[in-house]
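Q: Only the shape, not the letters, is given here:
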């Protein structure tokens, strides 16, 4: 079971501000997910074939065709902030 300290830690890492009520809801939901995963791990699935899709999948996007690459200037044109010739993102931690 997940405790509130773990929920607060994950929320902080995710840069989320959760009320006490939201923390409790997330604790219950995450605990339920982990219990479900534990149940699945306990099943004997040795004779179940490995699948990547449960239904037949058709490539609706078409063939991958190489295109001319973007220049650095084009790639960075819409970036909110640029530093050192690349995308600038907030520091983590």
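A: Received the coordinates, thanks. Bear in mind that the values here come from a model prediction, so they are computed numbers and not experimental data. Numbering: from 1, shown residues only.

Q: helices or strands up against the helix ranked longest in the chain?
A: What stands out as the longest helix in the chain, according to DSSP state H, is helix 20-42. For helix 20-42, the packing partners by 3 or more Cβ pairs under 8 Å, 6 or more residues apart in numbering; DSSP states H and E come out as helix 4-13. (C-beta placed from N, C-alpha, C; glycine too.)

Q: Kindly calculate the angle that the helix it packs on makes with helix 20-42.
A: 100 degrees (axes from the mean of the first three to the mean of the last three Cα atoms, to 10 degrees).

Q: Touching helix 4-13 from outside, list them.
A: For helix 4-13, the surrounding residues in contact (Cβ atoms under 8 Å, 6 or more residues apart in numbering) are 17-18, 23-24, 26-27, 30.

Q: Now which of those residues would you call buried?
A: 18, 23, 26-27 (16 or more other Cβ atoms under 10 Å).

Q: Report pLDDT for the most centrally placed residue in the chain.
A: Centroid check for the chain by Cα atoms, centre = their mean gives residue 14 as the closest residue, at 10.8 Å. Per-residue pLDDT puts residue 14 at 94.
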